[in-house]
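Participant: 3D, please:
(3 chains)
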Amino acid sequence: MPSTGPAGLLEKVRAKRPLIHHITNYVTVNDCANITLAVGASPVMSHAEDDVEEMVGLSQALVLNIGTIDRYQLRSMFLAGARANHLGIPIILDPVGAGATRFRTNACLKLLQELKIAVLKGNGGEISVLAGAGGKVLGVDSVSTGDDPESLVQEYAKRLGITVVMTGPEDIVSDGKKTVLVANGHPLMGGFSGSGCMAASMVGAFVAVSTDRVEAAATAMAAFGLSGERAAKKARSPFSLKQALFDELYNLTPAQLAKGARIRKA
Amino acid sequence: MPSTGPAGLLEKVRAKRPLIHHITNYVTVNDCANITLAVGASPVMSHAEDDVEEMVGLSQALVLNIGTIDRYQLRSMFLAGARANHLGIPIILDPVGAGATRFRTNACLKLLQELKIAVLKGNGGEISVLAGAGGKVLGVDSVSTGDDPESLVQEYAKRLGITVVMTGPEDIVSDGKKTVLVANGHPLMGGFSGSGCMAASMVGAFVAVSTDRVEAAATAMAAFGLSGERAAKKARSPFSLKQALFDELYNLTPAQLAKGARIRKA
Amino acid sequence: MPSTGPAGLLEKVRAKRPLIHHITNYVTVNDCANITLAVGASPVMSHAEDDVEEMVGLSQALVLNIGTIDRYQLRSMFLAGARANHLGIPIILDPVGAGATRFRTNACLKLLQELKIAVLKGNGGEISVLAGAGGKVLGVDSVSTGDDPESLVQEYAKRLGITVVMTGPEDIVSDGKKTVLVANGHPLMGGFSGSGCMAASMVGAFVAVSTDRVEAAATAMAAFGLSGERAAKKARSPFSLKQALFDELYNLTPAQLAKGARIRKA
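Facilitator: Got it, this is the predicted structure:
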């Protein structure tokens, strides 16, 4: 009997080994590649306008991350995104630093407007700013969020007609109808560069193998957070936690995920 | 009673958590982000001409590192730098590979001429070349330096009216009036990619919270070097030293820094 | 009496410390820099059209890696490559993802046509596609290769008049006349991002110090694979193997390499 729920999804990622095309920043790109491999999927990075349309056609998900966006990369995101939409390949958008500058905020709003995004995953500040709910972002860190983040995420998801993930001590995942909370993770995970970017890659890997995007995104966040919890046991700092995180995710069994995932309905 | 000296400065970095805007190379950018976090500051990377002026306005220091410079990134450095100068935000310049090629040397000379740089931090070869003192650089490694590096640094700092840091077995820090030497560090630290870049990020974090730039830069080099010394105890190579370095800096207490910093007047 | 064979070549890399100019992707560039240092050579990364011709003139080998190629970087590869050819500096080409998209395939074919490449190093799918032997590449992973890879590599090397390395459980190295097989390595080495890119940097370091390119490339693959075997002993996953790999290569003695290298004639 095949597993269901988080365990079944993790098995599916490992069995199907989906190709996840990233157009992402050069700060954490290596971490995104390795976390994609650690969970059992296959990463490919390509940003060239001459290359992205064909590459995305080979892929099962497209991750767009604006962490070091410029106008050339943004153009390639639109090219790849349009092709992904045409082919029915889900797009994950990570709005890194939206709210910090107008260029970043506007890039995200335009991507959300002109492309059909499957999952928008950001921190509290980023999502709140994009939803027009007055969050605050300093650089790439969330500084403040709205008063009632659960309602905010649910209503914003409903308005956009997509799945929204707001990361935080408890991650909020909603498609406007179904809303779930994921309580996995460890405080040290916010202390190294790239945990948000890696989470987006994780969401890409799971959304690539499931049409239930709320379940897929929640499972991705649970698997990532649980691996972080396990890694934290031996870690002296966020940086040794990060190193151990890859080991833990790679060795995480479906049974461990089923047992350790803390996903509940909102 | 608040701490003074190195301990007080480290406390200040951690309390103020300054945002350090980097326009830097894609080789060591992840290390720069993580070392900035490890010391207690907050990194942001942005190189887009559409983004840098607004981003630097949110920041407390701007680090310019020419490790993989091209003409587009250089243009953004001038845009961000002009804005930083207008706002009084200190700029740290890391002239990676100056002296190896004319493009790199000229980029640095032009940045030094057209922007008001707060701290220029380079290795012996780079600083000697820029000062016109006949250093030698091969690729990004210093091969030779002038005969009397202390005088060279002091006189060059005086001529430019800025603070100059020449890294080496003993780092030399001078603003032309005050010159100090920092003896922290470990030989293995030169054996991995990025120690120089990370040092520049460290200088950025400390200069962001203090107007005494000689003290701030010297403290940055001492904290970095001392963390390296501690990391070396368990390291089998420069590469495992690097991994442990982040842990050590993150866990370095102000009291340990006060005790271990080897800063003396020249 | 100086050592010969693999031991002698490793000693030569460490004694000469050749400068290896990379024009490479931003995903694994940091790993390429550090593996170059770990083996005893010196890396420099530069992609700017204003910089590459002068930089390659200082170097003893040029590594071209198309992992995140775009038209601007491709132009710089031709500029640097032409200068390298003029100066007699060997070029190593890593055709990452050739066969996945036409842009990547055509970029490689054009580089092979217009430049005199010394060593082409790719996985089974990439080499088979370029040789017109119907391999298959998905993203950057080899999916299938020809039926008789040894003959394929030998004939393709003969046709191009260069040395070809096809990586795999047993690496095949041939210049069309001499063909050798290298059996070092560990299955986990394929599980992290960048092992192929790092292998190309290794080949660059050894080809920089020897005109016998088959021996140099085979020794590079043996030293890399042997370090991976040693690292695997303590590894919980491909990711901790990677971290330990740098340590092992740095500490690998010529005697250990002579004893552990498994290079045989085809």
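Participant: going by C-alpha atoms from here, please, whenever you check contacts or count neighbours.
Facilitator: Will do.
Participant: and the nearest residue to residue A:223 once chain neighbours are set aside, what helix or strand is that in?
Facilitator: The spatial neighbour of residue A:223 that comes closest, neighbours along the chain excluded (Cα to Cα, 6 or more residues apart in numbering or on different chains), is residue A:257 at 6.4 Å. Residue A:257 is part of helix A:254-260, with elements assigned from DSSP states H and E.
Participant: how about the following helix or strand past that helix: buried residues?
Facilitator: Scanning forward in sequence from helix A:254-260 by DSSP H and E, the next helix or strand is strand A:263-265. Buried residues in strand A:263-265, defined by neighbour count with 16 or more other Cα atoms under 10 Å in any protein chain shown: residue A:263.
Participant: so where is the stretch 1-150 of chain A shaky, pLDDT-wise?
Facilitator: Low-confidence segments of the stretch 1-150 of chain A (pLDDT under 70): A:1-2.
Participant: write out the residues of it neighbouring chain C.
Facilitator: Counting by Cα under 8 Å from any Cα of the partner chain, the residues of the stretch 1-150 of chain A lying close to chain C are A:19, A:26, A:29-30, A:33-34, A:37-38, A:43-51, A:54-55, A:58-59.
Participant: for chain A, what lies in contact range of chain B?
Facilitator: Taking Cα under 8 Å from any Cα as the contact definition, chain A meets chain B at A:26-28, A:67-71, A:100-104, A:138-140, A:191-193, A:236-240.
Participant: which of the residues you listed are buried?
Facilitator: Among the residues of chain A next to chain B, those classed as buried by 16+ other Cα under 10 Å are A:26-28, A:67-70, A:100-101, A:103-104, A:138-140, A:191-193, A:236-240.
Participant: so which of these sit within helices?
Facilitator: Counted as lying in helices by DSSP state H, out of those, are A:103-104, A:238-240.
Participant: name the element the residue nearest in space to the middle of chain A belongs to?
Facilitator: For chain A, residue A:200 is the residue whose C-alpha lies nearest the centre (Cα atoms, centre = their mean; 2.0 Å). Following DSSP H and E, the helix or strand that holds residue A:200 is helix A:195-207.
Participant: repeat for residue A:231
Facilitator: Element membership of residue A:231, judged by DSSP H and E, is helix A:213-232.
Participant: from the contact counts, what lies against that helix?
Facilitator: Of the remaining helices and strands, those touching helix A:213-232 by 3 or more Cα pairs under 8 Å, 6 or more residues apart in numbering or on different chains; DSSP states H and E are helix A:5-16, strand A:163-167, strand A:171-174, strand A:179-182, helix A:195-207, helix A:238-251, helix A:254-260, strand A:263-265.
Participant: out of these, which is closest to residue B:75?
Facilitator: The minimum distance between residue B:75 and those falls on helix A:195-207, with 27.5 Å, by Cα to Cα.
Participant: that closest one packs against which elements?
Facilitator: Right, helix A:195-207 is packed against helix A:5-16, strand A:19-23, helix A:29-39, strand A:61-65, strand A:91-94, strand A:119-123, helix A:213-232 by 3+ Cα pairs under 8 Å, 6+ apart.
Participant: for residue A:130, which residues are in contact?
Facilitator: When contacts are counted by Cα atoms under 8 Å, 6 or more residues apart in numbering or on different chains, residue A:130 touches A:98-99, A:105, A:108-109.
Participant: among these, who's most crowded?
Facilitator: When neighbours are counted as other Cα atoms under 10 Å in any protein chain shown, the busiest of these turns out to be residue A:98, with 32 neighbours.
Participant: quick check: chain neighbours aside, which residue is closest to the closest residue to chain B within the stretch 51-200 of chain A?
Facilitator: Shortest the stretch 51-200 of chain A-to-chain B distance, computed as Cα to the nearest Cα: residue-wise this is residue A:70, at 4.9 Å. The spatially closest residue to residue A:70, leaving aside those adjacent along the chain, is residue B:48, at 4.9 Å (Cα to Cα, 6+ apart).
Participant: would you confirm that the one you found belongs to a helix?
Facilitator: No: under the criterion used here (DSSP: H, G, I helix; E, B strand; the rest coil), residue B:48 is coil, not part of a helix.
Participant: what is the burial count for it?
Facilitator: Residue neighbour count, defined by other Cα under 10 Å, stands at 23 for residue B:48.
Participant: correct me, but it touches residue B:77?
Facilitator: No: between residue B:48 and residue B:77 there is no contact, the gap being 9.5 Å when judged by Cα atoms under 8 Å.
Participant: residue numbers of the stretch 151-266 of chain A in contact with chain C?
Facilitator: Those residues of the stretch 151-266 of chain A that sit near chain C, judged by Cα under 8 Å from any Cα, are A:243-244, A:246-247, A:250-251.
Participant: most neighbours among those, which one?
Facilitator: Top of these by neighbour count (other Cα under 10 Å): residue A:246, with 28 neighbours.
Participant: ok, that one to residue A:252 distance?
Facilitator: Computed as Cα to Cα, to the nearest Å, the residue A:246 to residue A:252 distance reads 10 Å.
Participant: wait, what's in contact with the closest residue to residue A:7 other than its chain neighbours?
Facilitator: For residue A:7, the nearest residue in space outside its immediate sequence neighbours is residue A:254; the separation is 4.2 Å by Cα to Cα, 6+ apart. Counting by Cα under 8 Å, 6+ apart, residue A:254 makes contact with A:6-8, A:10-11.
Participant: out of those, which comes closest to residue B:151?
Facilitator: Sorting these by distance to residue B:151 puts residue A:10 at the head of the list, at 62.6 Å, by Cα to Cα.
Participant: residue A:46 and residue A:54 touch, don't they?
Facilitator: No: under the criterion of Cα under 8 Å, residue A:46 lies out of contact with residue A:54, with a separation of 10.2 Å.
Participant: between those two, tell me which one has more neighbours.
Facilitator: It is residue A:46, of residue A:46 and residue A:54, that has more neighbours when counted by other Cα under 10 Å, with 25 against 17.
Participant: ok, that one - contacts?
Facilitator: Counting by Cα under 8 Å, 6+ apart, residue A:46 touches A:21-23, A:52, A:55, C:67-69.
Participant: equivalent analysis for residue A:54, please.
Facilitator: Here residue A:54 is in contact with C:101-102 (criterion: Cα under 8 Å, 6+ apart).
Participant: again, 10 Å this time
Facilitator: A:80, A:83-84, C:100-103 (Cα atoms under 10 Å, 6 or more residues apart in numbering or on different chains).
Participant: of all those residues, which comes closest to residue A:171?
Facilitator: Within those, distances to residue A:171 taken as Cα to Cα reach their minimum at residue A:84, with 26.7 Å.
Participant: ok, residue A:32 - how many residues close by?
Facilitator: Each residue near residue A:32 was counted by other Cα under 10 Å, and the total is 28.
Participant: how about the nearest residue to it once chain neighbours are set aside, what does it touch?
Facilitator: In space, not counting the residues next to it along the chain, residue A:32 is nearest to residue A:198; the distance is 5.0 Å by Cα to Cα, 6+ apart. If a contact means Cα under 10 Å, 6+ apart, then residue A:198 has A:28-36, A:204, A:221, A:224 as its contacts.
Participant: how about the residues you listed in TSV, adding distance to residue B:144?
Facilitator: As requested, the contacts of residue A:198 are exported to TSV (distance: Cα to Cα, whole Å):
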residue	distance to residue B:144
A:28	34
A:29	35
A:30	34
A:31	36
A:32	39
A:33	39
A:34	39
A:35	41
A:36	43
A:204	49
A:221	51
A:224	48
